[in-house]
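>>> below are the sequence and a predicted model for it; my questions follow.
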Amino acid sequence: MGKQKKTRKYATMKRMLSLRDQRLKEKDRLKPKKKEKKDPSALKEREIPQHPSCLFFQYNTQLGPPYHILVDTNFINFSIKAKLDLVQSMMDCLYAKCIPCITDCVMAEIEKLGQKYRVALRIAKDPRFERLPCTHKGTYADDCLVQRVTQHKCYIVATVDRDLKRRIRKIPGVPIMYISNHRYNIERMPDDYGAPRF
């Protein structure tokens, strides 16, 4: 007769006593948690984000020429596909001087893409582009752009990414630049931004 095969039990643990078990000595036993009673007369504190002073309802008073445009990684790639010169097309769209801004994490994303996107990297290193240093950890550009735009509402965000657009639409007073029909378009830009002041 052969040996009887035992089926192995995976992920089995040794049974352990609960710290509240009656068999444990009093000093080793876990004390029951006491619920703190809330004082009904105490003032309730809520933290509400402060309304930005640059906004007059939905109108952003900080936006004006020269426009600072935060550029996302895919915006550069799609501009190359559509054969658009970034700075010139931005000026054609807004009829004013535009300063494209590239954050460190967008630059890192383009570098990660490798040899295939070397043209995008060369465009991103253009001296006309302003470099913005990042202080956060990691190189996820979407979070960085959303955080930067929430803190400083002086930027227009240039992106083709749907999720990023959806996130930025929730922030009041921040226009979005995107590509359609082989040209740049702007979303949520009030009419009188570029109007001359008399």
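Arrived safely, thanks for sending. Residues are numbered from 1 along each chain as shown.

>>> distance from stretch 25-41 to the middle of the chain?
Put simply, stretch 25-41 sits 41 Å off its chain's centre (C-alpha atoms, centre = their mean, to the nearest Å).

>>> who's in contact with that stretch?
Contact with stretch 25-41 is made by 19-21, as judged by C-beta atoms under 8 Å, 6 or more residues apart in numbering. Any C-beta I mention is one placed from the backbone N, CA and C, and that applies to glycine too.

>>> can we see that at 7 Å?
If you take C-beta atoms under 7 Å, 6 or more residues apart in numbering as the criterion, stretch 25-41 is touched by 19-20.

>>> span of that stretch from start to end?
41 Å (C-alpha to C-alpha, to the nearest Å).

>>> and stretch 92-109, by the same measure?
Using C-alpha to C-alpha, first and last residues of stretch 92-109 are 27 Å apart.

>>> buried stuff in it?
Within stretch 92-109, the residues scored as buried using 16 or more other C-beta atoms under 10 Å are 93-94, 98, 100-107, 109.

>>> please list the members of these that lie in strands.
98, 100-103 (DSSP state E).

>>> can you tell me the centre-most residue of this structure?
Taking C-alpha atoms, centre = their mean, the centroid of the chain lies closest to Asp143, which sits 2.1 Å from it.

>>> which residues are in contact with the helix or strand hosting that residue?
Using DSSP states H and E, Asp143 sits within helix 141-151. Helix 141-151 has contacts (C-beta under 7 Å, 6+ apart) with 70, 72-73, 103, 105-106, 109, 134, 136, 155, 157, 164, 167-168, 171, 174.

>>> CA atoms only for the helix or strand just after it, dumped as CSV, please.
From helix 141-151 onward toward the C-terminus, using DSSP H and E, the following helix or strand is strand 155-158. What follows is strand 155-158, C-alpha atoms only, in CSV (Å, rounded to 0.1, in the frame of the first residue of the first chain):
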residue,chain,number,x,y,z
TYR,A,155,-2.3,79.7,-16.3
ILE,A,156,-4.1,78.2,-19.3
VAL,A,157,-3.8,74.4,-19.5
ALA,A,158,-3.0,72.9,-22.9
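
>>> thanks a lot, see you next time.
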